[in-house]
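**Q** Sequence below, structure please.
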Amino acid sequence: MDNRRQHSKAAPLRSRLGRAGEDAALRYLLDQGQRLLARNWRAAEGEIDLIMQDGDWLCFVEVRARSRNGMEEDRGHPLATITGPKQRQILRVARRYLQVYGLEEAAVRFDAVGIVFGGGKTRVSYVPNAFQG
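**A** Got it, this is the predicted structure:
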């Protein structure tokens, strides 16, 4: 089968999984008392999934989601995919957000949420201050 056809079929599934992961992460963070400031905030440098207020902290949150089923081999935890290049991109977008809203002096944190769907359960792994800016 043509690889382009496989990718085009996988893209909508990946998009739905990503959206469901963001929905689950947002519910979790709201339940923890955080407040949503922005979702999928975009700039030329890229996108930040969620921007939350947690007390005095302005939190830039990266969400990664995976599904598990009996047929899929374990590909590791979704948070393991937030590597150095992704972290640098998030930092660039966060810097732009702070500039746009005049928040350069804000207390900032970079959080990560890993969501694993499968077996009728949603497992949430939340890591505040997952990496430094």
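**Q** Residue ranges in this structure under the pLDDT threshold?
**A** 1-11, 13, 69-75 (pLDDT under 70).
**Q** Pick out the residue nearest the middle of it.
**A** Nearest residue to the geometric centre of the chain (CA atoms, centre = their mean): Val63, 1.8 Å.
**Q** Now do the helix or strand containing that residue: which elements does it pack against?
**A** Element membership for Val63, per DSSP states H and E: strand 57-67. On a contact count with 3 or more CB pairs under 8 Å, 6 or more residues apart in numbering; DSSP states H and E, strand 57-67 meets helix 3-31, strand 46-54, helix 84-100, strand 107-118. The way it works is simple: take the backbone N, C-alpha and C, and place the C-beta from them, glycine included.
**Q** The ones you listed: which one's closest to Arg68?
**A** Closest approach to Arg68 among those (CB to CB): strand 107-118, 3.2 Å.
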